[in-house]
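1. quick one: sequence and predicted model below, then my questions.
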Amino acid sequence: MGNKIENKLKALLKEGKKALAWLIDPDKIVEDLSFLQQVKEMSQLNLDFIFIGGSLIEKNDIDRIIKLIKEVDSELPILLFPGSVVQFSNHADGILFLSLISGRNPDLLIGQHVTIAPLLAKSNLEVLPTGYMLIDGGVATSVNYISQTIPLPNNKPELAVATALAGSFLGLRYFYLDAGSGAKKPVSSAIIQNVKKAVSAPIIVGGGLDSLEKVKIAYQAGADLVVIGNGAEKNLSLLTEALEYINVLNLSLNIN
Ligand SMILES: CC(C)=CCC/C(C)=C/CC/C(C)=C/CC/C(C)=C/COP(=O)(O)OP(=O)(O)O
Ligand SMILES: O=P(O)(O)OC[C@@H](O)CO
Ligand SMILES: [Mg+2]
């Protein structure tokens, strides 16, 4: 197992730089050629990561999609963002090894992890131990239903901080604050700021970030890595705008 992804995230964090991940739902790719053209465009704009996964997927073609992306850009890191153990591919570069620490569903805290651990040990995938925290985004999401858990309240930063601290004491090295796919309200700035202050790990934020304004607010509150899924499905230019925004920001850090 390499540590290329960990090194990249650590370097970003050290320099205060921001990163972006495009969450691809494998079920929503309608036409390979135009999809690959989009990947090419984003990779030219320095997209940092592709996340691939979903709470529930109907087609099992993650392998094929990853191979296609690799043909266009073999350097762009692809991370599995799995809703369950069935969403596995040896062709990815890494896996967000999510433990759903906002919930009390043992299968998603440690169960599925035991099932997949021997496979992971034999693979070349980089494993990123990630505390996955669902935050109430104002609508019931697929993940709420699939995981059968209740999210953390969006207006109680102290609960989110306690959860992240516990995850950190357990050794988790990344935290993903997720308001859920298509959330009405993204994770609040107060939660991002307080969790960021409490733990030294990279903070990933996603869910309902469907405008540049919302993306900027997440970064300004302290998100190190922002994830855009639905927003890009509706309008790919959101990804372009977000990448242009962080490119300028990151460049200014090089100069100063
Ligand atoms: C450790 C392994 C391999 C598996 C367990 C993984 C865990 C703990 C998952 C937590 C619960 C879960 C179901 C997460 C899904 C996260 C995800 C990929 C969300 C993407 O958004 P969707 O929920 O698919 O959005 P739509 O339904 O709108 O497409
Ligand atoms: O699809 P959106 O709303 O961008 O959410 C992305 C991701 O955080 C969902 O798990
Ligand atoms: Mg999905």
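-> Yep, that arrived. Here the structure is a predicted model, which is why all the values come from computation and not from measurement. Ligands and ions are numbered 1, 2, ... in the order given.
2. before we move on, what SS does the residue in the stretch 101-250 of the chain positioned nearest to ligand 1 have?
-> Closest residue of the stretch 101-250 of the chain to ligand 1, CB to the nearest ligand atom: residue 181 (2.9 Å). Where you see a C-beta, it was placed from the backbone N, CA and C, and this is true even at glycine. Here residue 181 is recorded as coil under DSSP: H, G, I helix; E, B strand; the rest coil.
3. one more: the one 4 residues further on?
-> Here residue 185 takes the coil state, with states given by three-state DSSP.
4. please apply the same query to residue 95.
-> Note that with three-state DSSP, the state of residue 95 is strand.
5. please report how far residue 105 lies from residue 143.
-> Using CB to CB, to the nearest Å, residue 105 is found at 11 Å from residue 143.
6. please enumerate the strands of the chain.
-> Per DSSP state E, the chain carries strands over the ranges 19-24, 49-52, 78-80, 94-100, 126-134, 174-178, 203-206, 225-228.
7. same list, these, but as CSV with distance to residue 13, mean neighbour count and mean pLDDT please.
-> Formatted as CSV, the strands of the chain follow (distance: least, CB to CB, whole Å; neighbours: other CB atoms under 10 Å; pLDDT from 0 to 100):
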stretch, distance to residue 13, mean neighbour count, mean pLDDT
strand 19-24, 9, 23, 98
strand 49-52, 14, 24, 98
strand 78-80, 17, 22, 98
strand 94-100, 17, 22, 98
strand 126-134, 14, 23, 98
strand 174-178, 10, 26, 98
strand 203-206, 9, 26, 98
strand 225-228, 10, 24, 98
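8. quick one: which of the ones you listed is nearest residue 120?
-> strand 126-134 (5.8 Å; CB to CB).
9. what sits against the residue of the stretch 151-256 of the chain found nearest ligand 3?
-> Per CB to the ion, residue 181 is where the stretch 151-256 of the chain lies closest to ligand 3, at 5.8 Å. Counting by CB atoms under 8 Å, 6 or more residues apart in numbering, residue 181 makes contact with 55, 141-143, 207, 229-230.
10. no further questions, thank you.
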